[in-house]
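**Q** Sequence first, predicted model second:
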Amino acid sequence: MKIFSIEFWSYAGERAIKTVAQSAIAVLGTGSIGLFAIDWAGLASVSLGAGLLSILTSVAFKKD
């Protein structure tokens with residue numbers, strides 16, 4: 001699968017979205033109680049950072 005193909009980016013994007021969701025759930029599960037007690041900026045920072053790492057991992061370790 002070539003890096004410039006739609007198929008590659010579709011799979012990489014799907015993995016990144018799953019990673020963002022999983023890391024958000026992990027951060028929320030660490031003890032935040034209540035909708036207004038959540039540090040939304042911190043949650044977004046950690047989750048989107050994990051998504052970026054997922055994309056970079058897909059690019060770095062792509063299979064030909």
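**A** Ah, there it is.

**Q** can you pull the contacts of Ser23?
**A** 46-47, 50-51 (Cβ atoms under 8 Å, 6 or more residues apart in numbering). (C-beta placed from N, C-alpha, C; glycine too.)

**Q** so which of those would you say is closest to Ala16?
**A** When the contacts of Ser23 are compared for distance to Ala16 (Cβ to Cβ), Gly51 wins out at 4.4 Å.

**Q** element containing the closest one?
**A** Counting by DSSP states H and E, the element that carries Gly51 is helix 40-60.

**Q** State the mean pLDDT of that helix.
**A** Computed over helix 40-60, the mean pLDDT rounds to 95.

**Q** Output it as PDB, nothing but the C-alphas.
**A** Backbone C-alpha positions of helix 40-60 (Å, rounded to 0.1, in the frame of the first residue of the first chain) are rendered in PDB as follows:
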ATOM      1  CA  TRP A  40     -11.000  20.000  28.500                       C
ATOM      2  CA  ALA A  41      -7.800  21.600  27.300                       C
ATOM      3  CA  GLY A  42      -5.700  18.900  28.900                       C
ATOM      4  CA  LEU A  43      -8.000  16.200  27.600                       C
ATOM      5  CA  ALA A  44      -7.800  17.600  24.000                       C
ATOM      6  CA  SER A  45      -4.000  18.000  24.300                       C
ATOM      7  CA  VAL A  46      -3.400  14.400  25.300                       C
ATOM      8  CA  SER A  47      -5.900  12.900  23.000                       C
ATOM      9  CA  LEU A  48      -4.900  14.800  19.900                       C
ATOM     10  CA  GLY A  49      -1.200  14.200  20.700                       C
ATOM     11  CA  ALA A  50      -1.900  10.500  20.800                       C
ATOM     12  CA  GLY A  51      -3.700  10.800  17.400                       C
ATOM     13  CA  LEU A  52      -0.800  12.600  15.900                       C
ATOM     14  CA  LEU A  53       1.600   9.900  17.100                       C
ATOM     15  CA  SER A  54      -0.700   7.300  15.600                       C
ATOM     16  CA  ILE A  55      -0.500   9.000  12.200                       C
ATOM     17  CA  LEU A  56       3.300   9.400  12.500                       C
ATOM     18  CA  THR A  57       3.600   5.700  13.400                       C
ATOM     19  CA  SER A  58       1.500   4.700  10.400                       C
ATOM     20  CA  VAL A  59       3.800   6.700   8.100                       C
ATOM     21  CA  ALA A  60       7.000   5.500   9.700                       C
END
